[in-house]
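Novice: just the structure for this:
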Amino acid sequence: MALLGAQLVITLVMVSVIQKLSPHFSFARWLLCSTGLTRFLYPTDQELRTVAGIQKEKTKKGKHAENGKAADVFQIPRNLDITLENAKVSTMDVVHLKFYTDYVWLMDFSIYTGVVYSLTEIYNSWYPIKDEINLSMLWCSLVLGFSFKVLLTLWVQYFKGEESIGERSTCIVTGFAYLLVAMMVLIIDENTLEIGLEKAYTSFNHSASIFLENQGMSSTGPASKIIVKFVLAVWCGFLGSLFTFPGLRVSKMHWDTLRYYKDKKILMLFANLSYASPLFLVTLWFKPISRDYLTARVFSGMTDPLMTTSAFDSMRLIAIIVVVLLKLALMPVYLQSYLNLANQRLDVQKKEAGRISNIELQKKIAAVFYYLCVVSLQYIAPLIMCLYFAIMYKTLGGYTWEGIYKEVVYEECSIDESPLASTILGADGEKTVAQSAQELQLAISSLKHIFTVEVFRGVLGFATWWSCFTLFATTSMGMVYQSYFSNI
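Specialist: Residues are numbered from 1 along each chain as shown. Presented below is the predicted three-dimensional model:
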């Protein structure tokens, strides 16, 4: 109970910090406004008229009247030589952007959750959790929920309007493609891909059967293995569909980064390492080329393997954190590459023939900055999901950062043997408030017997690996797309 009290104190303090600090400082806002990002300004009507040599016409009475003003629409050549001015991104610029509040909330809440989790882990190292609930896992669950909600909101935008037919078809096709891939992954032997679902299903089925028998219901298990794997495959396909356009966007930004910063060799090195890092994370779950190679093979001149089994498990978790931090550090570079898209659009337009209206040109330039927060969400939301799946995998799976297992042993669920079972009902057969609380505590205790460490290792381990795999697959597909169309 002391640990639970300490967790409540940490939670209350952090809630107070969020209320007091967030209006004055925001890490999300700092990334956009204090890292040197530069946006391109669209040319005004007067500038376009001057460059194109067009005289301003006198407004005829009643022509294109709107709110008491005459609309100033004129045509200019597409190949007009225009130079865009730039300006530093400021706070007043970003507050009006689309999905700005969603971006700030997701990024800042993720940071606060990381602080809560770190403080809980430090306290837990001195006073280990036994029967209390780890409240930091509730925070992590909220972060995953918010990330999923944001990605779903962006995904739904492609199903609105008649202009998004291509994007809508891409989401549907990739969703079914990832569903097929997930079905193939789920039949791979555990000795090749150690996702741990077989042990998780066996443990859950056994514990749930005992629980149902103690409740007077005969059962061989709550669900068949095929149904469980099919549900997981559907979830995998849907998550892959959500990650599709974020992956394509990141690939486009990486492609432009390689072009804009080709003279900065060190930056290019870290950018390429960051881009290829999801592939490294994915291979860490393939036993023959990762665990067996590092924990079983003894190299010449050595008496022991390079790593112990527990150290390897901790290394996988630390590797995910390092990759996410590296990508977060490079985020301003990628966002600047995205903002440079305004100038890139103008350069492409100069090679085209024909004419374009001033309004259409201005919208084409302004839209790049208008969707800056959308692009930021597409960049960070998949990373946040990978990170917090890994954190929950570490904590609920019974691992530590030092490479030592927490030996957590759960007894089989038995309602009759519980000391609380005999106190559920009062002498007159009616429940009191205290007895209802005891019944709730007994129900939670029973659930802890059902959802064992093996269950969490299987489910969260698979979720962690699949999120990393989807991140790698979508960015790879995006790079193939960029390579193909850049050569046409």
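Novice: mind listing the helices for the stretch 251-400 of the chain?
Specialist: For the stretch 251-400 of the chain, applying DSSP state H, counting those that start in this stretch gives helices covering 265-283, 291, 309-329, 331-339, 341-350, 358-370, 372-396.
Novice: most packed of those?
Specialist: Of all those, helix 372-396 has the most neighbours on average by mean count of other Cβ atoms under 10 Å, namely a mean of 24. C-beta here means a position set from N, CA and C on the backbone, and glycine is covered the same way.
Novice: give me the mean pLDDT for that one.
Specialist: If you average the pLDDT over helix 372-396, you get 95.
Novice: packing partners of that helix?
Specialist: Helix 372-396 is packed against helix 27-33, helix 100-126, helix 135-157, helix 225-260, helix 309-329, helix 331-339, helix 453-486, with contacts defined by 3 or more Cβ pairs under 8 Å, 6 or more residues apart in numbering; DSSP states H and E.
Novice: got those helices as CSV, with distance to L361 columns?
Specialist: Below are the helices and strands packed on helix 372-396 laid out as CSV (distance: least, Cβ to Cβ, whole Å):
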stretch, distance to L361
helix 27-33, 25
helix 100-126, 25
helix 135-157, 24
helix 225-260, 21
helix 309-329, 34
helix 331-339, 17
helix 453-486, 23
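Novice: right, and the ones you listed - which one's nearest L383?
Specialist: With Cβ to Cβ as the measure, helix 309-329 is the member of the helices and strands packed on helix 372-396 nearest L383 (5.0 Å).
Novice: and that closest one, what other elements does it pack with?
Specialist: In terms of contacts (3+ Cβ pairs under 8 Å, 6+ apart), helix 309-329 is packed against helix 265-283, helix 372-396.
Novice: can I get the helices and strands packed on helix 372-396 in a markdown table with mean pLDDT and distance to R355?
Specialist: Formatted as a markdown table, the helices and strands packed on helix 372-396 follow (pLDDT from 0 to 100; distance: least, Cβ to Cβ, whole Å):
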| stretch | mean pLDDT | distance to R355 |
| --- | --- | --- |
| helix 27-33 | 92 | 35 |
| helix 100-126 | 90 | 35 |
| helix 135-157 | 93 | 31 |
| helix 225-260 | 93 | 28 |
| helix 309-329 | 93 | 42 |
| helix 331-339 | 95 | 27 |
| helix 453-486 | 90 | 26 |
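Novice: indicate which one of the ones you listed is closest to G301.
Specialist: Here helix 309-329 is closest among the helices and strands packed on helix 372-396 (Cβ to Cβ), at 20.0 Å.
Novice: hey, C-alpha coordinates of that closest one in CSV?
Specialist: Backbone C-alpha positions of helix 309-329 (Å, rounded to 0.1, in the frame of the first residue of the first chain) are rendered in CSV as follows:
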residue,chain,number,x,y,z
THR,A,309,19.6,-14.3,-22.2
SER,A,310,18.3,-11.7,-19.8
ALA,A,311,20.8,-9.1,-21.0
PHE,A,312,19.6,-9.7,-24.6
ASP,A,313,15.9,-9.1,-23.6
SER,A,314,16.9,-5.8,-21.9
MET,A,315,19.0,-4.9,-25.0
ARG,A,316,16.0,-5.2,-27.2
LEU,A,317,14.0,-2.8,-25.1
ILE,A,318,16.8,-0.3,-24.8
ALA,A,319,17.4,-0.4,-28.6
ILE,A,320,13.8,0.7,-29.2
ILE,A,321,14.2,3.6,-26.8
VAL,A,322,17.4,4.7,-28.5
VAL,A,323,15.9,4.5,-32.0
VAL,A,324,12.9,6.6,-30.9
LEU,A,325,15.1,9.2,-29.3
LEU,A,326,17.3,9.3,-32.4
LYS,A,327,14.3,9.9,-34.7
LEU,A,328,12.9,12.5,-32.3
ALA,A,329,16.3,14.3,-32.4
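Novice: so it versus helix 331-339, what angle?
Specialist: 40 degrees (axes from the mean of the first three to the mean of the last three Cα atoms, to 10 degrees).
Novice: and helix 309-329 with helix 453-486, angle?
Specialist: On the basis of the same axes, to 10 degrees, helix 309-329 is oriented at 40 degrees to helix 453-486.
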